[in-house]
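Engineer: Give me coordinates for this.
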Amino acid sequence: MTITVTARPSSDGLETMLTTCDLADALSVSPRTLDNWRSASRGPAYFRIEGTVRYRMSDVVAWLEGQQVQTLESLSGRRRP
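Structural biologist: Purely as a prediction, here's the structure:
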């Protein structure tokens, strides 16, 4: 999976923040799924800023890396013909 939004500092040095809709689009899930994950304390870390939810891109990437499932094939480095 490739997320097309990249973590980059803005002109003030802060990292790019994603909205719920931005992240939902990038992950191909509905915004409601992200709402459900937040209420269940699942999903990537987020900020609540004056009532709006924002996700820091580096937190999203770290969360995604933690979601990777290793298979026996991927661990052995072998591929099936």
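Engineer: Surely residue 57 touches residue 16?
Structural biologist: Yes. Counting by Cβ atoms under 8 Å, residue 16 is a contact partner of residue 57 at 5.4 Å. For every residue, glycine as well, the C-beta is placed using N, CA and C.
Engineer: With neighbour numbers in mind, choose between these two.
Structural biologist: residue 57 (20 against 16; other Cβ atoms under 10 Å).
Engineer: And the pLDDT for the more buried one?
Structural biologist: Residue 57 carries a pLDDT value of 94.
Engineer: And for residue 75?
Structural biologist: With respect to pLDDT, residue 75 has a value of 78.
Engineer: now swap in residue 68 and tell me
Structural biologist: Residue-level pLDDT assigned to residue 68 equals 88.
Engineer: Let me know the secondary structure of it.
Structural biologist: coil (DSSP: H, G, I helix; E, B strand; the rest coil).
Engineer: Can you report how many residues neighbour it?
Structural biologist: 7.
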